[in-house]
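>>> I would like to see how this sequence folds:
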Amino acid sequence: MTREIRVLHAPTAVGGNPQGLARAERLLGLKSRSITYFQSRYQYEVDEVLCKRCNRLTFELKRIAFYFKVVKQFDIVHYNSGQTLATPLFPPDEERERSVAKWLQWIYYYYTKILNLIELNILKIFGKPIFVTFQGDDARQGDYCRQNFRISAATEVENGYYTKRSDTEKRKRIIQFNRFANKIYALNPDLLHVLPRRAEFLPYAHIDLNDWRPINSSSGEIKVIHAPSHRGVKGTRYVLNAVERLKQEGFDFSFELIEGLSNIEARKRYENADLLVDQLLVGWYGGLAVELMALGKPVICYIRNEDLRYIPDKMRKDLPIINATSDTVYLELKKWIVKPREEILQYGKKCRMYVETWHNPLKIAKRLQRDYELAVTKEE
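Take a look at the predicted model:
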């Protein structure tokens, strides 16, 4: 194609992935922008934040005005986190259904559902191809996980994290996207169990490999870190139990639980680490693991074998993750904290090579560019 394709990545900044794709796509000549309604607590860099200080009324006015900008200024809309610009909140809980506040919530819920449908139809009317990336709990359903996976975060999270209503709502969104979207992607292979058969696995692409370079930690005792965004989902209690047991047995290592920090602040802690324990329940590694591997740090994480059929064969063979469950994390930690630092560093180099091969934003953006060009050509 000769003209530049204008791509919008919206409406969230979850995990920094939309911004990473937009950056890489711009390097390839696409006019891509990442725009979010609100800045996340992790303070990921984003091209534009629509609402820095918004009440409900100003937010809705900005959202409506944004629709005109989308139709006028972009050729493609790439939704992230399984959300449209008007994705409805989950329906209110059944308790206190008769209260005034609950009725207002229902009114707002149906308002966003109608707006959501109008949005998708407008994009189709104006010939704007639609892409969507599901990133995790935007598609993951508690009932499916409990019924089909022996190990799952659904059995560990608090009541209300996954509900019958939220599971139903997610299924409805997936059906709707299957109707409207040109392409559907998933950053975690377990999501492909519940997404349409045509959905494709897409690796994380949120880091600049020139910025995230290998860094050797200081000498001394081995430093282990764990940085949960949600303790129940990540299996944090099992990590803490394993660490406490090893400490009581007299093993010499340090441990840091990293929570509530911006991405910039947290990165300083990552650089001084030797080993990361990521998630022990979901079945795949997160964006954090990609960051640590890019820094040359080994990662312990639970990898669900039955999900691996959704990723490329070569990626599966290259995968350097140290596989551990909630039952085996103690043994894996015990094995790694007594290894010579040089052996850990050598394994970290293998992790870095894996990230360069499979999480290179430019490689992933080139794949998306081909998909974008094909979709735009069909609309012309």
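>>> three-state assignment of residue 267?
Three-state call for residue 267 (DSSP: H, G, I helix; E, B strand; the rest coil): helix.
>>> distance of it relative to residue 215?
Relative to residue 215, residue 267 is positioned 10 Å away (CB to CB, to the nearest Å). Backbone N, C-alpha and C define where each C-beta goes, glycine included.
>>> where do the domain boundaries of the chain fall?
If you go by automatic domain parsing, the domain ranges for the chain are 6-207+361-379, 222-358.
>>> lowest average pLDDT across those?
The stretch with the lowest mean pLDDT among these is domain 6-207+361-379, at a mean of 91.
>>> where do the strands sit along the protein?
Taking DSSP state E, the strands of the chain run over residues 6-10, 31-36, 48-49, 76-80, 130-134, 183-186, 200-201, 222-226, 253-257, 275-277, 299-301, 322-323.
>>> and residue 120, which of the ones you listed is closest to it?
strand 130-134 (7.1 Å; CB to CB).
>>> starting at the chain centroid, how far to the closest one?
Distance of strand 130-134 from its chain centroid, counting by CA atoms, centre = their mean, to the nearest Å, is 13 Å.
>>> for that strand, which outside residues touch it?
With contact meaning CB atoms under 8 Å, 6 or more residues apart in numbering, strand 130-134 is reached by 17-18, 76-82, 120, 123-124, 174, 177, 180-188, 191, 195, 199, 202, 368, 371-372, 375.
>>> before we move on, the earlier item: in a markdown table, list the domains of the chain along with mean neighbour count.
Listed next are the domains of the chain as a markdown table, based on neighbours: other CB atoms under 10 Å:
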| stretch | mean neighbour count |
| --- | --- |
| domain 6-207+361-379 | 18 |
| domain 222-358 | 18 |
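>>> among the contacts of strand 130-134, which are in helices?
Members of the contacts of strand 130-134 lying in helices (criterion: DSSP state H): 17, 18, 120, 123, 124, 174, 177, 180, 368, 371, 372, 375.
>>> residue contacts, residue 308?
Going by CB under 8 Å, 6+ apart, residue 308 touches 189, 316.
>>> now swap in the one 10 residues further on and tell me
Residue 318 sits next to 354, 357, 358 when contact means CB under 8 Å, 6+ apart.
>>> those into TSV, with extra columns for distance to residue 56?
Output for the contacts of residue 318, formatted as TSV (distance: CB to CB, whole Å):
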residue	distance to residue 56
354	45
357	46
358	42
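>>> looking at the residues you listed, which one is closest to residue 116?
residue 358 (33.6 Å).
>>> how near is the closest one to residue 14?
Per CB to CB, residue 358 is found 20 Å from residue 14.
>>> also residue 187?
Here the criterion is CB to CB. By it, residue 187 lies 10 Å from residue 14.
>>> shared neighbours of the two, which are they?
Between them, residue 187 and residue 14 share these contacting residues under CB under 8 Å, 6+ apart: residue 135.
>>> list the contacts for the nearest residue to residue 247 once chain neighbours are set aside?
Nearest residue to residue 247, sequence neighbours excluded (CB to CB, 6 or more residues apart in numbering): residue 255, at 7.8 Å. Applying CB under 8 Å, 6+ apart to residue 255 gives the contacts 223, 224, 225, 226, 243, 247.
>>> thought the fifth one was touching residue 224?
Right, the one you point to is residue 243. Yes: taking contacts as CB atoms under 8 Å, residue 243 lies within contact range of residue 224: 7.2 Å.
>>> now the common contact residues for the two.
255, 333.
>>> quick check, central residue of this protein?
residue 135 (4.1 Å; CA atoms, centre = their mean).
>>> does that residue really touch residue 14, like I thought?
Yes: with contact defined as CB under 8 Å, residue 135 counts as touching residue 14 (5.6 Å).
>>> which residues are common contacts for those two?
With contacts taken as CB under 8 Å, 6+ apart, residue 135 and residue 14 have 80, 81 as neighbours in common.
>>> ok, the spatially closest residue to residue 245 that is not a sequence neighbour to residue 342 distance?
What sits nearest to residue 245 in space, not counting adjacent residues and going by CB to CB, 6+ apart, is residue 330, at 5.9 Å. To residue 342, residue 330 is 24 Å away according to CB to CB.
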